[in-house]
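*Asks:* predicted model and sequence follow; I will ask about them next.
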Amino acid sequence: MEQIGGGRASQVFALDDRKVLRRGPFDAAAEARLMRYLHDLGFPVPEVFAADGAEMTMQRLNGRTLGAEVGAGTIGVPEAAKILLDLHDRLHEIDAPRFLASSTREFEMARAGTRKVLHLDLHPENVIITDDGPFLIDWTNATAGDPEYDLAVSWAIIAGIDVTELGPDTAAQSAWFEAARAGLLTTIGGRTSRPALDIAVAYRTADPNTNAAEAARLHKALNDS
């Protein structure tokens, strides 16, 4: 199988022109269940065909990431910010199903009993731009809770990234990011509050994939906000 994508913990392989296989280190059943729930409600998420242990077979999306589109100059930063916020808004209209937990990394996200679907990893590399519009992928962190926390976590992800740590190839492809970062942070940060940003930075710092340098950048960005 040809590997066509992947992230810190998983790999994506092409099965044919319609399907991909994602393989990771965790059971995909809960993620697949949520994706099917969202797909049935018309939210732009890949259709799931099968889930077996750590493997999930799903719809192949023909398109590039939002980050790649911005890097190529085909989508501008203001439009990219609008796409991200529109996805947040559409997602946050959806009531979380009862099976979706509201506690993650020891943080309670359902403030005042609010239980909407939160992605908690919504950034330009998890948005695929297709002929049918943008699709949101990678639902491993999804939780039920207050939408403000989802926006705050997106802000924290963007604030914490250092493209030079991603390797020379990725860093070269993501040179646009440094120029776009301030605009994205301002736009997204304008939709959330300092208490939510405090939680988001603590949540990201608790991620075992967050190293000391990223944590330091996050706290500096929070102090400067």
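*Replies:* Okay, I see it. Residues are numbered from 1 along each chain as shown.
*Asks:* wait, T143 touches E108, no?
*Replies:* No - using CB atoms under 8 Å, T143 is not in contact with E108, being 9.7 Å away. Every residue, glycine included, has its C-beta placed from N, CA and C.
*Asks:* break down the protein into its helices, ranges please.
*Replies:* Using DSSP state H, the helices of the chain run over 29-40, 66-72, 77-91, 147-160, 168-173, 175-189, 194-205, 212-224.
*Asks:* tell me what the second one is packed against?
*Replies:* Helices and strands touching helix 66-72, by 3 or more CB pairs under 8 Å, 6 or more residues apart in numbering; DSSP states H and E, are helix 77-91, strand 127-130, helix 175-189.
*Asks:* could you check the angle helix 147-160 makes with the first one?
*Replies:* Put plainly, it is helix 77-91. Using axes from the mean of the first three to the mean of the last three CA atoms, to 10 degrees, the inter-axis angle of helix 77-91 relative to helix 147-160 is 150 degrees.
*Asks:* how about helix 77-91: buried residues?
*Replies:* 77, 80-81, 83-85, 87-88, 91 (16 or more other CB atoms under 10 Å).
*Asks:* ok, P208 to P25 distance?
*Replies:* The spacing between P208 and P25, counted by CB to CB, to the nearest Å, is 12 Å.
*Asks:* now A72. Nearest residue, chain neighbours left out?
*Replies:* R64 (7.6 Å; CB to CB, 6 or more residues apart in numbering).
*Asks:* how many neighbouring residues does the one you found have?
*Replies:* By the criterion of other CB atoms under 10 Å, R64 has 17 neighbours.
*Asks:* ditto for A216
*Replies:* 12.
*Asks:* one more: D207?
*Replies:* Residues near D207, counting by other CB under 10 Å: 15.
*Asks:* and it, what pLDDT?
*Replies:* Predicted confidence (pLDDT) for D207: 92.
*Asks:* so how far is A200 from it?
*Replies:* Taking CB to CB, one finds D207 at 11 Å from A200.
*Asks:* what's the average pLDDT for stretch 181-191?
*Replies:* 89.
*Asks:* could you shift the numbering so residue one becomes 18, and keep it that way?
*Replies:* With 18 as the first residue, the last one maps to stretch 198-208.
*Asks:* could you dump it to CSV, C-alpha only?
*Replies:* Provided in CSV are the C-alpha atoms of stretch 198-208 (Å, rounded to 0.1, in the frame of the first residue of the first chain):
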residue,chain,number,x,y,z
ARG,A,198,0.4,33.1,12.5
ALA,A,199,-0.3,36.6,13.9
GLY,A,200,-3.4,37.1,11.7
LEU,A,201,-4.8,33.7,12.6
LEU,A,202,-4.1,34.1,16.3
THR,A,203,-5.8,37.5,16.3
THR,A,204,-8.9,36.3,14.4
ILE,A,205,-9.4,33.1,16.4
GLY,A,206,-8.4,34.7,19.8
GLY,A,207,-11.0,37.3,19.3
ARG,A,208,-13.7,34.6,19.6
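*Asks:* list the buried residues for that stretch?
*Replies:* 198, 201-202, 204-206, 208.
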